[in-house]
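Enquirer: Sequence plus the predicted model coming up.
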Amino acid sequence: MVNKIIYGVFLLGVILSQMPLIKSLYLGFVNRYRLRRSLREFVPDEYDRKRGRISKHIDRLMKATDLTKIYGKPEMFIIISLVIFLGVAFALYWTLGSTTAILMGSFCGMMPYMLMRVKLNAMRIGGSREGDIMMQELLSNYKINDYNMKEAIEVTAATIEDAPNSKRLLYDLAKGFNKAYTADDIKRVLDIFKYSLNTSWGNALASTMYFSQIHGIKVTNSLEDLSESLIKSRKVIEHGRRENNEASLMLKYLAPISYLLSVLCACKYFGFTLNKFIRYQFGTALGLQWFMIMAAFFISGVLINGFLSREKMDI
């Protein structure tokens, strides 16, 4: 026991005597790790270049919707979707059979992707309808900051009001420009910007920004033309808009109310109690199957309505 204590004290003395060297090695390792992590943010590594078409599509979708902080990498998003599919399919297999279990599992597994698409569509519509505000602010700041596009983007992102979608886009654009070191880096940043808007004027604006930032070309006339075109588009949309909310109201209120009325009718006219209705609906294979089908159609209708209910403002 005494020998072990002696050896322990000796070992502790050796460690303490070499503490500066150990600390130096540790700090070097930490700094190297941080440097590599920072470089990965704007320089794609070999693994990123070897990604398949699906992974690249999901990666761009995650960046456009600002969901990278939730899912991390496309591979994690795919794994989560597969886990949802397998979990739902396995849970329903014992009560509804293999066919229904696979169909409902596939539907639930696709929900993260569909929700991300709906969010992207809403952001595209919101961003496109704020285009005239963003263009006027960007043009004004471009002139004030001596025709420096990078500074104009940063100032516009910080000062723009009544345009939350455009503010987020410009913040992401300014952040990407600050991390960009080459023309290819700027192209990648602007590709995300174009994808986030998916409009003709967004593509034109991205090209204008690229030539201004890379070649130092004065693009005042181009920005003014885009601004005037967007103002005209705003007038056309406001004049010709005929928003019809009947489908949205039916989906949001009529469908759930109809289901609740079916519960009341079953209890009042067919002698059901609430417990009996719940038991037949969720305690039998047929009742659960029809409920899952109704829920799937309802959710699909809401998602489709989200895509079709509003249009983007374009030139």
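Expert: Yep, that arrived. None of the values given here were measured: they were computed from a predicted structure.
Enquirer: center of the protein - which residue?
Expert: Nearest to the geometric centre of the chain sits residue 65, at 2.2 Å (CA atoms, centre = their mean).
Enquirer: Quick check, that residue in contact with residue 120.
Expert: Yes. Assessed by CB atoms under 8 Å, residue 65 is found in contact with residue 120 at 5.1 Å. (Glycine included, C-beta is placed from N, CA and C.)
Enquirer: re the thing from before, now the residue nearest to the centre of the chain, what are its backbone angles?
Expert: phi -100, psi 0 (degrees, to the nearest 10).
Enquirer: That one and residue 147, how far apart?
Expert: 32 Å (CB to CB, to the nearest Å).
Enquirer: Likewise for residue 278?
Expert: Counting by CB to CB - residue 278 and residue 147 are separated by 68 Å.
Enquirer: ok, now residue 136?
Expert: When CB to CB is the yardstick, residue 136 and residue 147 sit 16 Å from each other.
Enquirer: Give me the below-cutoff pLDDT ranges for this structure.
Expert: Across the chain, residues meeting the criterion (pLDDT under 70) sit at 1-51, 236-251, 309-310, 315.
Enquirer: list the helices and strands the top helix by length along it packs on?
Expert: Secondary structure of the chain read by DSSP state H shows that its longest helix is helix 74-129. Under the contact criterion of 3 or more CB pairs under 8 Å, 6 or more residues apart in numbering; DSSP states H and E, helix 74-129 touches helix 53-64, helix 164-179, helix 183-197, helix 200-215, helix 285-308.
Enquirer: got the angle between that helix and helix 53-64?
Expert: Note on geometry: by axes from the mean of the first three to the mean of the last three CA atoms, to 10 degrees, helix 74-129 and helix 53-64 are set 50 degrees apart in direction.
Enquirer: From the chain's centroid, how far away is helix 74-129?
Expert: Using CA atoms, centre = their mean, to the nearest Å, the mean C-alpha position of helix 74-129 is found 15 Å from that of the whole chain.
Enquirer: Next SSE downstream of that helix?
Expert: Once the chain leaves helix 74-129, the next helix or strand it forms, by DSSP states H and E, is helix 131-144.
Enquirer: okay, that next one in PDB with CA atoms only?
Expert: Provided in PDB are the C-alpha atoms of helix 131-144 (Å, rounded to 0.1, in the frame of the first residue of the first chain):
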ATOM      1  CA  GLY A 131     -38.800  42.300 -53.000                       C
ATOM      2  CA  ASP A 132     -39.700  45.900 -53.800                       C
ATOM      3  CA  ILE A 133     -38.900  46.900 -50.200                       C
ATOM      4  CA  MET A 134     -35.600  45.100 -50.200                       C
ATOM      5  CA  MET A 135     -34.600  46.500 -53.600                       C
ATOM      6  CA  GLN A 136     -35.300  50.100 -52.600                       C
ATOM      7  CA  GLU A 137     -33.400  49.700 -49.300                       C
ATOM      8  CA  LEU A 138     -30.500  47.900 -51.000                       C
ATOM      9  CA  LEU A 139     -30.300  50.500 -53.800                       C
ATOM     10  CA  SER A 140     -30.300  53.400 -51.300                       C
ATOM     11  CA  ASN A 141     -27.600  51.800 -49.100                       C
ATOM     12  CA  TYR A 142     -25.500  50.800 -52.200                       C
ATOM     13  CA  LYS A 143     -25.300  54.500 -53.100                       C
ATOM     14  CA  ILE A 144     -24.700  55.700 -49.600                       C
END
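Enquirer: which secondary structure elements does that helix contact?
Expert: helix 149-159, helix 164-179, helix 200-215, helix 220-240.
Enquirer: And these: which comes nearest residue 143?
Expert: Set against residue 143 and scored by CB to CB, these come closest in helix 220-240, at 6.9 Å.
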